[in-house]
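Enquirer: quick check, what structure comes out for this input:
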Amino acid sequence: MTTGSPFIQVWIVRLELLLVSKMTDGGGGAGTLETLHNALEAVKVLRCKVGGFFETVAGGVKSDSTGSTEDREKLFRIELQGCIHKIFENLREVDSQVAALTPPIGSSFNLGNTMFINQEVSQDRIPLYSELVDSYKWMEKVHEYSGIAGPILGQNSLKRTYFSASLNAKRRRTIASSYVVPQQSVDNSIQAIAHSYKDMEINITRPLGSNAALCITLGRTLKAVVILKGWLIEWVVVRAANEDMTKEDGTLDLWSESRYKVFQKVTDNANAAMLHFCAPTHPELSVRSFMTWLHSFITLFTQACKKCGLHLSNNMPPTWRDLRTLEPFHEECKP
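Expert: The predicted structure follows:
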């Protein structure tokens, strides 16, 4: 309640000034003067009661030697409740006295709603007013600027280039969907790629419906599973030549990684190369480029690193092939 004391004091002073101005205006006879006198007396009593309440709050709990601390606090709360009850009674008296007055001619006599004086003012709500004012000013500026910018932007169409509809239709090119391809077209192209390499065998299966899964055997070096969706390569798994490509039930194992670190690293590099060669506008070319890159691993254990000239580095052969020149590099030596 201490935070509300300035508001109450200002309200009381404002009420007194209005009543005094009413008296100086001449009023309207003895009845009016008596009503004004009663209203001023009610305001004086209210001022005294409010002052006494804040003096009681400032004094706090009386430190008497008699009685326990809980008893003294209980008496203090009862005393505060009595003061507040008397203040409410005086407020109602002031409201009734002011309501009996006739407003002066040619001026307003609005004291506002006295009900809000009774409410407790929360500390965390006090700084909210200034923030609301700033937000209101900012919104007013936004509304003003948007009202000015709207007509200007409506008159000027923002375009990067000037082009006609006919020219746009000529330049527009239909993009081929790389995952909607006839199965026969995919089979013929894959067989053509397999025939171009004598030491690479490719078997086509479709365990996932219409999507092809390529089982690739690269000499005696490695085996790989390449999953296609149309012409789009979605997944690559590389294993050793002595590892099984099927599960115990005879179905193709599409996800299990190799037991050897070498081929686990080759699998990671193959998936990176798959993303590099991906070309939605030329899907068949992207598959051919990836197969050429994968075929370069035929020399995985026989060709030395192009940079350091060693066959092994950290007990690993050159598991990376350059995407353009297909030259072998160790993971630590690749450019």
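
Enquirer: how much space separates L310 from C333?
Expert: Look at L310 and C333: by Cβ to Cβ, to the nearest Å, they are 9 Å apart. For every residue, glycine as well, the C-beta is placed using N, CA and C.

Enquirer: show me where pLDDT drops low in the protein?
Expert: Along the chain, segments meeting pLDDT under 70 span 1-32, 64-67, 102-130, 156-179.

Enquirer: can you list the domains in it?
Expert: For the chain, the domain assignment from automatic domain parsing gives the residue ranges 2-121, 129-154, 183-302.

Enquirer: if you compare these, which one is most tucked away?
Expert: domain 183-302 (a mean of 16; mean count of other Cβ atoms under 10 Å).

Enquirer: picking that back up, of all the domains of the chain, which one comes closest to W320?
Expert: Taking Cβ to Cβ as the criterion, W320 comes closest to domain 183-302 out of these, the separation being 5.5 Å.

Enquirer: ends of that closest one, what's the gap?
Expert: Domain 183-302 stretches 37 Å from its first residue to its last (Cα to Cα, to the nearest Å).

Enquirer: which parts of the chain are strands?
Expert: Remark: strands assigned in the chain by DSSP state E are 200-208, 211-218, 222-229, 232-240, 320-321, 328-329.

Enquirer: now do the fourth one against strand 211-218, angle only.
Expert: In other words, strand 232-240. Orientation note: strand 232-240 sits at an angle of 30 degrees relative to strand 211-218 (axes from the mean of the first three to the mean of the last three Cα atoms, to 10 degrees).

Enquirer: let's see strand 232-240 as PDB, backbone CA atoms only.
Expert: The C-alpha atoms that make up strand 232-240 are tabulated as PDB, following Å, rounded to 0.1, in the frame of the first residue of the first chain:
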ATOM      1  CA  LEU A 232      18.200 -41.000 -58.300                       C
ATOM      2  CA  ILE A 233      20.800 -42.700 -56.200                       C
ATOM      3  CA  GLU A 234      19.500 -42.800 -52.600                       C
ATOM      4  CA  TRP A 235      21.800 -45.100 -50.700                       C
ATOM      5  CA  VAL A 236      25.200 -46.900 -51.100                       C
ATOM      6  CA  VAL A 237      26.700 -49.600 -49.000                       C
ATOM      7  CA  VAL A 238      30.200 -51.000 -49.700                       C
ATOM      8  CA  ARG A 239      31.400 -54.300 -48.200                       C
ATOM      9  CA  ALA A 240      34.400 -56.600 -48.700                       C
END
